[in-house]
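Enquirer: structure for this input, please:
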Amino acid sequence: MSTDVQKLLARIRRAKTAQIDLGGVGKDARDARTRVIRRAARVLRAGGARILAENKKDAASGAQSSAFRDRLMLNADRLKKMIKGVESVAAQPDPVGHVVVSRRRPNGLRVDKVRVPLGVVAVVYESRPNVTADAAALAIRSGNAIVLRTGREAIRTSRAIAACFRQALRAEGFDPECVLFVDSPDRRLVRAILGAEGLVDVAIPRGGPGLIQEVVRSAKIPVIKHYLGVCHTYVDARANLAMAQKICYNAKVQRPGVCNAMETLLVHSAVAPRFLTPLCRSYELAGVEIRACPKTLKILRKMQVVCRPAADGDFGAEFSDLILAIRVVDSLDDAIDHINTCGSHHTDSIVSADRAATRRFLDRVDSATLFVNASTRLSDGGEFGLGAEVGISTDKLHARGPMGAEDLTTTKYIGYGDGQIRG
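Expert: Numbers count the residues shown, from 1 in each chain. This next block holds a predicted model:
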């Protein structure tokens, strides 16, 4: 075992011990966590110029795709929103100690099911430095210690952000290792984290398929996956087409490099000719490359809209770019079958005025988040009122969908008696 790995494991042991104080139950503990998060927001605001300067260094360190650069980039507006998210987490109800259910048994024993922190959470992520702030704030809100390991591309920005939380912890009397930033791109350290049974309670990877698969293969601890975002919008035969135009444009164009951007558009054949032409002309102006099924090709080429035939792998691809696959379907059930077959169970939307159709869609599409008459871009912890998110789980166990502070807790049973025994 290398010296660097030994040092990291020693730090994680320290974080595990420190988490006990951070994760306390009761008003004093809740208030202390709130003070830490609020102080962190103030330190982030005061250090904004330095954070942005570090981000410029990260952005200049190598050529990447436009989507990658978009995820990496912080500007004054994004920094302001990031800090607002931290402040929103501070205002969230503290989940630690919440009694989920309380039962009084016939023998007089009271049994409470109570929320408690997971313990030590590791987040392994790539090029989005705002994840550092979101994950740290949510970990503190839920009484957890957190191990943060970002990719080399965002390491300067993430280091500066993590330092703000560590400063806030120290100022409020907590061990700063409750936010443990791994300041090295050495992959051996990732393997050490994922193999730290008894020290790290759960790993949450955020990034591309390669990262997720590597974490799952290497981990000896539980993993909550934030997997592919192959998001669909289905425009029904009874859709309000003006509304659908706005939704579909936003879902693809507003920020194409993120996991809740639409990757495939499905359109009912009854409305496809009059709906697709104006929408795809607006896509053209925005620089969207359209990859079309044969029916879509026929419609768009007749109207001289630029497009290309979809390849076999396009339906089911996460482009993370200004690329969109479009398919015309003949029924709602065809759309549902397509989504369940080609999607990633992340986020999907139906645009329809038909209540029976929307109900069938909601009942039969197997995804973490579903929308009716709204953009997939709204699948986000901040938009859902969680303040922020540590990820969007596509798993079904423990948590599913955008994960806020409550999703970073588990439960324990506490029995209150006055001498009861089992006969």
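
Enquirer: CA atoms for contacts and neighbours, from now on please.
Expert: Will do.

Enquirer: and the pLDDT for K225?
Expert: K225 carries a pLDDT value of 89.

Enquirer: check contacts around the residue found closest to it once you drop the neighbours it is linked to in the chain.
Expert: Distances taken as CA to CA, 6 or more residues apart in numbering put S393 closest to K225, at 5.6 Å, once the chain neighbours are dropped. Contact analysis of S393 by CA atoms under 8 Å, 6 or more residues apart in numbering lists 224-227, 346, 368, 399-403.

Enquirer: give me that answer again for 6 Å
Expert: Contact partners of S393, counting by CA atoms under 6 Å, 6 or more residues apart in numbering, are 225-226, 400-401.

Enquirer: of those, closest to F68?
Expert: Nearest to F68 among the contacts of S393 is H226, at 17.1 Å by CA to CA.

Enquirer: next one: that closest one from S352, what distance?
Expert: Between H226 and S352 the computed distance is 29 Å (CA to CA, to the nearest Å).

Enquirer: more neighbours: which of those two?
Expert: Between H226 and S352, counted using other CA atoms under 10 Å, the more crowded position is H226 (25 against 21).

Enquirer: okay, and the beta partners of the more buried one?
Expert: Residues in a beta bridge with H226, per DSSP bridges, are R206.

Enquirer: from K396, how far out is it?
Expert: 11 Å.

Enquirer: also G316?
Expert: For G316 relative to K396 (CA to CA), the value is 20 Å.

Enquirer: and what of G257?
Expert: From G257 to K396 the distance is 25 Å (CA to CA).

Enquirer: could you do R301 as well?
Expert: Taking CA to CA, one finds R301 at 42 Å from K396.

Enquirer: G257 and K396 - which one has more neighbours?
Expert: Neighbours per residue (other CA under 10 Å) separate G257 from K396, with G257 holding more: 22 against 13.

Enquirer: assign a three-state SS to R217, would you?
Expert: helix (DSSP: H, G, I helix; E, B strand; the rest coil).

Enquirer: show me the contacts for it.
Expert: No contacts exist for R217 under CA under 6 Å, 6+ apart.

Enquirer: give the contact list for the residue nearest to G26 when sequence neighbours are not counted.
Expert: Using CA to CA, 6+ apart and skipping residues adjacent in sequence, the residue nearest G26 is G97, 7.0 Å away. Listed by CA under 6 Å, 6+ apart, the contact partners of G97 are 25, 114-115.

Enquirer: just V230 next, same as before
Expert: 263, 318, 343-344.

Enquirer: got a PyMOL select line for the buried ones in the residues you listed?
Expert: Selection of the buried residues among the contacts of V230 in PyMOL, burial being defined by 16 or more other CA atoms under 10 Å:
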select buried, resi 263+318+343+344
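
Enquirer: with distance to I326 and pLDDT added, can I get the contacts of V230 in JSON lines?
Expert: Below are these laid out as JSON lines (distance: CA to CA, whole Å; pLDDT from 0 to 100):
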{"residue": "E263", "distance to I326": "9", "pLDDT": "98"}
{"residue": "E318", "distance to I326": "13", "pLDDT": "95"}
{"residue": "G343", "distance to I326": "14", "pLDDT": "96"}
{"residue": "S344", "distance to I326": "17", "pLDDT": "95"}
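
Enquirer: in strands, which of the contacts of V230 fall?
Expert: In strands, defined here by DSSP state E, the members of the contacts of V230 are E263.

Enquirer: for the contacts of V230, work out which two are farthest apart.
Expert: E263 and S344 (10.9 Å).

Enquirer: quick one: secondary structure of I299?
Expert: Going by three-state DSSP: I299 is helix.

Enquirer: what count of nearby residues applies to it?
Expert: 18.

Enquirer: do the one 10 residues further on as well
Expert: Using other CA under 10 Å as the criterion, P309 is surrounded by 15 other residues.

Enquirer: contact partners for it?
Expert: Taking CA under 6 Å, 6+ apart as the test, what P309 contacts is 291-292.

Enquirer: measure it to K412 for me?
Expert: P309 is 54 Å from K412, by CA to CA.

Enquirer: repeat for E383
Expert: Taken as CA to CA, the span from E383 to K412 is 30 Å.

Enquirer: then R327?
Expert: For R327 relative to K412 (CA to CA), the value is 48 Å.

Enquirer: which of the two has more residues huddled nearby?
Expert: R327 (24 against 13).

Enquirer: quick check: buried residues in the helix or strand where the more buried one lies?
Expert: Here R327 sits within strand 323-329, counting by DSSP states H and E. By 16+ other CA under 10 Å, the buried positions in strand 323-329 come out as 323-329.

Enquirer: now it, how far from the centre of its chain.
Expert: 25 Å (CA atoms, centre = their mean, to the nearest Å).

Enquirer: for the record, mean pLDDT for that strand?
Expert: On average, strand 323-329 scores 98.

Enquirer: report all helices and strands that that strand contacts.
Expert: strand 262-268, strand 289-292 (3 or more CA pairs under 6 Å, 6 or more residues apart in numbering; DSSP states H and E).

Enquirer: just checking: what are the partner strands of that strand?
Expert: strand 262-268 (parallel), strand 289-292 (parallel).

Enquirer: to E197, which of these lies closest?
Expert: strand 262-268 (37.3 Å).

Enquirer: what residues does that closest one touch?
Expert: Contacts of strand 262-268 (CA under 6 Å, 6+ apart): 230-237, 251-252, 324-330.

Enquirer: can you show me the helices along the chain?
Expert: 3-22, 27-46, 48-59, 66-72, 76-91, 130-141, 155-171, 187-194, 209-218, 241-253, 272-286, 294-302, 332-342, 355-364 (DSSP state H).

Enquirer: distance between the shortest one and the chain's centre?
Expert: Right, helix 66-72. On CA atoms, centre = their mean, the centre of helix 66-72 falls 16 Å from the chain's centre.

Enquirer: and that helix, what's buried?
Expert: 67-72.

Enquirer: find the nearest non-adjacent residue to V43, please.
Expert: V43 sits nearest to C164 (CA to CA, 6+ apart), 5.6 Å away.

Enquirer: which neighbouring elements make contact with the worst-scoring helix or strand of the chain on mean pLDDT?
Expert: Least confident helix or strand of the chain, by mean pLDDT, DSSP states H and E, is helix 66-72 with a mean of 82. In terms of contacts (3+ CA pairs under 6 Å, 6+ apart), helix 66-72 is not packed against any helix or strand.
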